[in-house]
Structures are given as C-alpha cells and as structure tokens.
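J.: Whatever this is, show me its structure:
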Amino acid sequence: MRTGSADSRLKLIRALALILAAALPSPGLAAEPHVLRFTETLDVTTLSPFYTTSAVILDLSSLTMAHFVRFDARGRMVPELIVAIPSQQNGGVSRDGRTVTYHLRPGVKWSDGAPFDADDVAYTLRFIADKTNTISDHEAWDHLRGFDEPDKSTIVLHLDAPFAPFAERFFSSASQSCVLPQHLLAGGTNLNQSPYNALPVGIGPFRYTAFRRGDAVEMEANPYYFGARPKLQKIVYKIVEDENTAFTQLQTGELDLWAQLSASFYDRVRALPSVNVTLVPSQFMSGIFFETEHPALRDPVVRRALRLAADRNLFFEKIFHQVGVMSESVVSPSSLDHLALTPTPYDPAAANRLLDSAGWARGPDGVRAKGGVRLSLELVLPDGYPPSAQLSELLRVEWQKIGVEIDTKQFTSGQYFGLYSAGGILRTGKFDVALLSLGSGVFADVFNGYGCAYAPPNGNDFTHYCNRAVDADMSTYEQTYDAGKRAALAARFQRRIQEDAPVIVIYARSFPYAYSSRVTGLHPQTFGTFDGIASADVQ
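T.: Down below sits the predicted model:
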C-alpha cells in the first residue's frame, strides 16, 4: 500500500509536471540574447522600397538600405551617406534652387564589402529614369532633368524647378527609395523582375541574410557599417498576418516586439505582464478611399454624402480606441504645414437630402440609382486585421440607411498591397471603396497620393483623384522654399481635397509598439522608424 501510494504520488507529480511544461514556452521559444524577433502583421512580397506600397518594407529598409539621410528621435534629418545636407546656406543648393550638390562620405562600404561611391548613385539615377520600371513613387524624381558626376565622391542633380522636399524625398530612410549597388546590377536598369529585389544589398546597420516567403525575413549586424555598431546581432521579421496569432506569440515569447499593432489590441497588450507599450505618432492617415473613376463614385456629391453618413467619432472611439488624433486633412499632424480643417459632421439626414437633390433615387429594393448606375459598391480590405473588418461592417449598416449597397471582399495583405505587375488590388484599382492608411511625410507633400499623373503604376494615387487646381498648388508648394508661402499653398490644397472628398479621413494614426521587458533601448520614431536601432538590445 505504501509503495502504491508512493507510485500514485509520483504519477501525480509527473502529470502536474507535464501540465506545467505544456503551459510554459518551450525552450525553443526562449529569448535569444541580442536577437530581436518582431512582426507588423503584414506579408512581404518584395524587399525593394522602390516597388512597395507596404509600410513594413520602409521599416525594414531603415534597418538595411543605403540612404543619404536618416532621422533622429526629434524627426530632424541627419546625414548618413553624405557629408552634409545641401542647402543654399552651405552652397549645396544653387541660388535658383535648381541644382543640388551632394558630397559623399568617404570610406563607405556596401554590406558585401564592396566600396560605395558616386558610380552607385549614378547607376540608381539611371534606374529611376528608366520608365519601364514600375516603381511606386515617380513623383519626386519627375523633377530630375539630369545629373553630373564630377568625381567619385560628388553627385550633382539638375532639377526642372526648385524642389523644397528634396532632402526627404531623394534617398532618405523615410522615402520609397535607396541607393542601389552598381557592382551587383550593372547588367541593366530594368529591375521589375530582378532577383535582387528579394534579397537586396545595402549599407545600413543590418544586412539581409534570408527571405523565406510566407515565413520570415532575417537580418544580421552589418560588419562593414561605418556608423555606430548595433548591440543586436540578428533581427528576424516574422510574417504573421493574424493579430490573434501575434498576440499569442507575444505572450509565449516567440515575439520580442509587435510593432504597429492595431488599436483593438492596445488595451490587451498593456495588460500583459513583462510587456512594455509605447505610442509613436505616425505620418499615416487612416481612411476610406474611393476609386473616383468608377461610375457611381465619379460624382463628388455621392462621395460627400457617404462622408456625411460615416460616423467617424464612433469609429475612432469604438474601433480605433482613440489611439491617434482625429483629423480631416490628408496631411498628417506630424507633417509640416498640416491644416486643422473643420470636421464634417455625422448627418445621415443631410446625406439623404444631398442624394435626393442630385437625382439619386431609391429603387424598389431601397438602393439608389441614377442614369442606370446603381449605388452598389465593392468595399475591399486586408484580412487578418480586425479593425478593418469591424469598420467595413459598420459602413455597410450606415450606408444602407442612405440607399447604398455594399459588397465586402477581403484579400491577403500580399494581394491587397501587391505590385501593379502582380495584379495588386489597390494598385490595379480593383475596388470601389478601400480601407487603408496613406502617409504624407516631413512636408505636406501629398502629390504622389493625390496628383493627376500619379495613379498606379506611376504613384500611389489609388483613388485616381485629379483636380488641376490642386495639382497646380501642390506643384508650387514643392517649388517654394519660403515657409510662409508654402503654408498658405498647403492650406489651400488641403481645403480643396477635403471639398472633393476622394477619401474620408478618419484619424492620424499613432502606432503602439508592444515589446518584451527583455528589450532595452528601443526608441521607434515617426520618420525612419528604426533609425535609432543601434541602442536597442535583447537581454
């Protein structure tokens, strides 16, 4: 009996041990010193910032790629591959503002050990000038009329007109660009299908080592980096598209950092033990975007009515948990020359009156129509992102009240944000209404998102919005170095875009970053998200 009791106790102890072991993270999930594993719950289809529409690639690029300037914690531009940021005061910008001279930092090497010089910049400029490349942001480079390479440490750009945002838009870590390595790509300038885009070589504090599609992107500390050496030895971006999975992995220790998580998980991650959360203002404006070339949405009256019937205060409070700042402008409050526009009120009755007066009559099924065009709209969103799913359902209910029918379709983030050449939903305009966030920048420079010439594949004007008066103001804004004149132009084009309503702006996003207490020295930034990564570590 005593032996039996001991056996029973032993079995009980073993059973409890198994239960406890199952409840704890396995040794394989334990933190690895100096290794950061993170996600932004977005898929990755390319690692080239030139071809992307996904913010995560810009974040990965701020870790790995070659940039003229980066950003400090206060959002100020600091030179990286150049000796100084050109200005008229230091002689780097000509008196007429049309010539910009960059002096390159000497002794810099690519992450494969090859030397960097002006030949690489010249090659990159030829790549950008090759119009067969379907790069995402042509707008800034459309101002370039030519360049000179006086020597291996100097590059001179000749512009068609003064271009005030040049330092941010040309090769900064907050731009959709970087310098390319000529020694690896000298065979030609069309890189649309180049294997290089799957594992680029850069000059940043880290370098890519692996890209396993659908799984992970891996980076290691760049031994050739000339700047402050990072404490981290390795970074792994885990392709986790479902936020519930990301939340679980943060709990179990499979993730050290969940970057830019949605507001719906904000309170939940703050309740986790041994997890820190910080909020970072962003340049991204979250909104409801209309494909203005589609028949039912060509009429600005319809777009204004849909805005009147969208309860943005409710969305901001209940879906986005007030993690950010409500705004009406397409320009972020983090950007220079943002205008605090008067919000459009939530007024479904006014929306109905507006549609009635414009001749959009209700049919027998309650759906409005005019001239044979029904107000039946296809709304698209990325899957795995609960706030968008919640917003789409609220919009369907709200807009049904004013006689608008909504059909909702979800796509993987890879399909949704995919390249034009790959049939990406946003870039090929396969939608009537789309839910997404679109950024401005250091300046109120939104030409690439709302300019007539910048519908995909030439830019990010997913709405195909075109207003020649807005174009003129945005163009003059870019050419103006005088801060007061620039602010007045920005105010005017922000008001005009608001009136035309190609998008219903909901709020300026702040991004929560949830990270393990083992992570130290992490300071994500509004611009150049991981430019301050050298101080970060995992204990």
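J.: And the closest residue to S262 other than its chain neighbours, which helix or strand is it part of?
T.: The shortest distance from S262 to any non-neighbouring residue, by Cβ to Cβ, 6 or more residues apart in numbering, is to P387 (4.9 Å). C-beta coordinates here come from the backbone N, C-alpha and C atoms, glycine included. Counting by DSSP states H and E, the element that carries P387 is helix 386-400.
J.: and that helix, what does it pack onto?
T.: Applying 3 or more Cβ pairs under 8 Å, 6 or more residues apart in numbering; DSSP states H and E, one finds that helix 386-400 contacts strand 376-382, strand 405-411, strand 433-439.
J.: Sheet-wise, list the partners of the longest strand along the chain with their directions.
T.: Longest among the strand segments of the chain by residue count, using DSSP state E, is strand 275-290. According to DSSP bridges, strand 275-290 has the following sheet partners: strand 433-439 (antiparallel), strand 503-516 (antiparallel).
J.: out of the ones you listed, nearest to L250?
T.: Nearest to L250 among the strands paired with strand 275-290 is strand 503-516 (6.1 Å), distances taken as Cβ to Cβ.
J.: Export that closest one to PDB, keeping only CA atoms.
T.: What follows is strand 503-516, C-alpha atoms only, in PDB (Å, rounded to 0.1, in the frame of the first residue of the first chain):
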ATOM      1  CA  VAL A 503     -11.200  59.900 -49.200                       C
ATOM      2  CA  ILE A 504     -12.900  60.100 -45.900                       C
ATOM      3  CA  VAL A 505     -10.100  60.700 -43.500                       C
ATOM      4  CA  ILE A 506     -10.800  59.200 -40.000                       C
ATOM      5  CA  TYR A 507      -7.700  59.900 -38.000                       C
ATOM      6  CA  ALA A 508      -4.000  60.300 -37.900                       C
ATOM      7  CA  ARG A 509      -2.600  57.000 -36.600                       C
ATOM      8  CA  SER A 510      -0.400  56.600 -33.600                       C
ATOM      9  CA  PHE A 511       1.300  53.300 -33.600                       C
ATOM     10  CA  PRO A 512       1.600  51.200 -30.500                       C
ATOM     11  CA  TYR A 513       4.800  49.200 -30.100                       C
ATOM     12  CA  ALA A 514       4.500  46.300 -27.600                       C
ATOM     13  CA  TYR A 515       7.800  44.700 -26.600                       C
ATOM     14  CA  SER A 516       9.100  42.300 -24.000                       C
END
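J.: between that strand and helix 386-400, how many degrees?
T.: 160 degrees (axes from the mean of the first three to the mean of the last three Cα atoms, to 10 degrees).
J.: list the buried ones in strand 503-516?
T.: Neighbour-count burial for strand 503-516, counted by 16 or more other Cβ atoms under 10 Å, picks out 503-516.
J.: ditto for stretch 383-401
T.: Within stretch 383-401, the residues that qualify as buried are 383-392, 395-396, 398-399, counting by 16+ other Cβ under 10 Å.
J.: can you give me the strands for the stretch 251-400 of the chain?
T.: Taking DSSP state E, counting those that start in this stretch as the test, the strands found in the stretch 251-400 of the chain are 257-259, 275-290, 324-326, 361-362, 368-370, 373-374, 376-382.
J.: Pairing partners for the fourth one, with directions?
T.: Put plainly, it is strand 361-362. Strand pairing for strand 361-362, determined by DSSP bridges: strand 368-370 (antiparallel).
J.: from the middle of its chain, how far away would the helix holding P387 be?
T.: Between the centre of helix 386-400 and the centre of its chain there are 23 Å (Cα atoms, centre = their mean, to the nearest Å).
J.: Restricting to C-alpha, output it in PDB.
T.: What follows is helix 386-400, C-alpha atoms only, in PDB (Å, rounded to 0.1, in the frame of the first residue of the first chain):
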ATOM      1  CA  PRO A 386      -9.900  43.200 -37.100                       C
ATOM      2  CA  PRO A 387     -10.400  47.000 -37.100                       C
ATOM      3  CA  SER A 388     -10.900  47.000 -40.900                       C
ATOM      4  CA  ALA A 389     -13.400  44.100 -40.700                       C
ATOM      5  CA  GLN A 390     -15.300  46.000 -37.900                       C
ATOM      6  CA  LEU A 391     -15.200  49.200 -39.900                       C
ATOM      7  CA  SER A 392     -16.500  47.500 -43.100                       C
ATOM      8  CA  GLU A 393     -19.500  46.100 -41.200                       C
ATOM      9  CA  LEU A 394     -20.400  49.500 -39.600                       C
ATOM     10  CA  LEU A 395     -20.100  51.200 -43.000                       C
ATOM     11  CA  ARG A 396     -22.300  48.600 -44.600                       C
ATOM     12  CA  VAL A 397     -25.000  49.300 -42.000                       C
ATOM     13  CA  GLU A 398     -24.600  53.100 -42.000                       C
ATOM     14  CA  TRP A 399     -24.600  53.400 -45.800                       C
ATOM     15  CA  GLN A 400     -27.600  51.100 -46.300                       C
END
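J.: how about the nearest residue to S516, chain neighbours excluded?
T.: D256 (4.9 Å).
J.: Can you check the pLDDT for the one you found?
T.: Listed pLDDT for D256 reads 97.
J.: Now for P386: which residues touch it?
T.: Each residue near P386 by Cβ atoms under 8 Å, 6 or more residues apart in numbering is listed here: E243, S262, S264.
J.: wait, the second one sits on D242?
T.: No - under the criterion of Cβ atoms under 8 Å, S262 lies out of contact with D242, with a separation of 11.5 Å.
J.: Looking only at neighbour counts, state which of those two leads.
T.: Ranked by neighbour count (other Cβ atoms under 10 Å), S262 and D242 place S262 first, with 21 against 13.
J.: Identify all residues paired with V217 through a beta bridge.
T.: Beta bridges link V217 to F211, Y237 when assigned by DSSP bridges.
J.: What is the burial count for it?
T.: A count of nearby residues for V217, using other Cβ under 10 Å, gives 24.
J.: Check the one 10 residues further on too.
T.: Taking other Cβ under 10 Å as the neighbour definition, G227 ends up with a count of 14.
J.: S153 and H34, how far apart?
T.: 35 Å (Cβ to Cβ, to the nearest Å).
J.: before we move on, what about D473?
T.: Taken as Cβ to Cβ, the span from D473 to H34 is 50 Å.
J.: among the strands paired with strand 275-290, which is nearest L522?
T.: strand 503-516 (5.9 Å).
J.: That closest one: how far from the chain's middle?
T.: Computed by Cα atoms, centre = their mean, the chain-centroid distance of strand 503-516 equals 11 Å.
J.: So for that strand, mean pLDDT?
T.: 96.
J.: immediately after that strand, which helix or strand?
T.: Once the chain leaves strand 503-516, the next helix or strand it forms, by DSSP H and E, is strand 519-520.
J.: one step back: okay, the helices and strands packed on helix 386-400, which one's buried deepest?
T.: Among the helices and strands packed on helix 386-400, the stretch with the highest mean neighbour count (mean count of other Cβ atoms under 10 Å) is strand 433-439, at a mean of 22.
J.: Give me the angle between it and strand 376-382.
T.: Using the same axes, to 10 degrees, the inter-axis angle of strand 433-439 relative to strand 376-382 is 40 degrees.
J.: Can you tell me what sits against strand 433-439?
T.: With Cβ under 8 Å, 6+ apart as the test, strand 433-439 has contacts from 55, 282-291, 297, 330, 332, 377-382, 388, 391-392, 395, 406, 425-426, 449, 460, 462, 503, 509.
J.: what about 6 Å?
T.: Residues outside strand 433-439 that contact it (Cβ atoms under 6 Å, 6 or more residues apart in numbering): Q283, F284, M285, S286, F289, L377, L379, V380, L381, S388, G449, R509.
J.: Which of those residues lies at the shortest distance from G202?
T.: Among those, Q283 lies closest to G202 (Cβ to Cβ), at 22.4 Å.
J.: what's the closest non-adjacent residue to G521?
T.: Nearest residue to G521, sequence neighbours excluded (Cβ to Cβ, 6+ apart): S535, at 3.8 Å.
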